[in-house]
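[1] when you get a sec, could you give me coordinates for this:
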Amino acid sequence: MLSKWFARTRSISRLKMTSAFVVVALVLAAVLVLSITAYRQANAAPSASFAQTLYGAGLNCYPRSGCGGSVLYELDQHTGAPLRTVGNLGYNITGLAVDPTTNIMYGVTGAQGTDGTYHGPGSCLVLRVHPTTAHTEVVGPEGTGCPIADIAFDATGRLYGWGEETDDLYVIKKSTGIANRVGESGIGTYGDGMAFTPGGTLLLMPKGTEGNMYTVNQYHGTVNYRATLHGFTGLTTCTQPPVSAADFNSAGVLYASVLDYCAPTVPRSYLNRVNPTTGQITTLGQSVNHLDGIAFYPATPITH
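    Have a look, this model is predicted:
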């Protein structure tokens, strides 16, 4: 009788141990699945694209000629042609960008007034732009950054701009508009189309359509060679027309505007796609005149 009791006890113990091993195995499997899921999420490509409107700020003259300020347009993302004229912005716009944390559109202006008169560095402004109406609100003067050639937001909603006067990166305070220089870039620039990749890398195209593309260190302002631009097929009178504006859409495609700034009357513009790795430019078509700012709305999400 006692032997049967011991046998039964050993059987129950083996069953308990087996159950414990099963529980531990299930827990370890669950931890492994969670770890794999977290790794895949951290290293995944940008999420699926979603509908966005491409806005562009164009000007029907050279800024020094004076023609009443830039006009905001909705642009065809396949051809660059205007789909809708939103309205006059009241300022000569040199860059547009949308804050990914608030979906508020911002713009920057040059020192040339809408009448063509040069008003000096104090007239370079940071604006909030209402994309559905073209109504603008002045945030404040850029200060030492004047003029800012293009702007871009990082994932945290910090606004950066490229200063044309010093050829350096600036960080812009959204509440006041004041631009502070981040650091010395060490290169000469013009045009300066700039955008953050969906993965959080800041790209700059400051040397025209056959010049270098750089990555920019947003903490120090230094630049590193990324690729050489090539493949632009628009008709221009410039040998190296400037890349004036840039932005990524939600599918991770880089768009850029190129200006024919050597034209005798008004700069023609071309909308392009740019391969951010190789520098290959695909020209989509002629767009509105003097397209000096582009931005996708709602904003494209950016990771840290």
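[2] Y170 reaches G161, doesn't it?
    Yes - at 4.8 Å, Y170 counts as touching G161 under the criterion of CB atoms under 8 Å. In short, each C-beta sits where N, CA and C put it, glycine included.
[3] residues bridging contact with the two, i.e. touching both?
    Counting by CB atoms under 8 Å, 6 or more residues apart in numbering, the common neighbours of Y170 and G161 are 142, 145, 148, 179.
[4] list the contacts for the first one?
    Which is E142. 108, 121, 124-126, 148, 161, 170, 172, 177-179.
[5] still on that earlier bit, neighbour-wise, which of Y170 and G161 wins?
    Each of Y170 and G161 has its neighbours counted (other CB atoms under 10 Å); G161 has more, 29 against 24.
[6] shaky segments in the stretch 101-250 of the chain?
    The model of the stretch 101-250 of the chain has pLDDT under 70 over residues 116, 118, 121.
[7] from D154, how far out is D247?
    According to CB to CB, to the nearest Å, D247 stands 13 Å off from D154.
[8] comparing the two, which residue is more hemmed in?
    D247 (30 against 19).
[9] quick check: that one touching A195?
    Yes - counting by CB under 8 Å, D247 does reach A195; the two are 5.0 Å apart.
[10] list residues touching both of those two?
    With CB under 8 Å, 6+ apart, D247 and A195 have common neighbours 152, 254.
[11] for G90, see how far away D247 is.
    For D247, the distance to G90 - CB to CB - is 22 Å.
[12] same deal with A251?
    A251 is 32 Å from G90, by CB to CB.
[13] neighbour count winner among the two?
    Legend: neighbour count by other CB under 10 Å for A251 and G90, higher for G90 (17 against 13).
[14] assign the closest residue to the more buried one other than its chain neighbours to helix, strand or coil.
    Nearest non-adjacent residue to G90, counting by CB to CB, 6 or more residues apart in numbering: G69, 4.8 Å away. Of the three states, G69 takes coil under DSSP: H, G, I helix; E, B strand; the rest coil.
[15] touching, G69 and G110? I think so.
    No - with contact defined as CB under 8 Å, G69 does not reach G110; the gap is 10.9 Å.
[16] just the buried positions in stretch 54-66, please.
    54-63 (16 or more other CB atoms under 10 Å).
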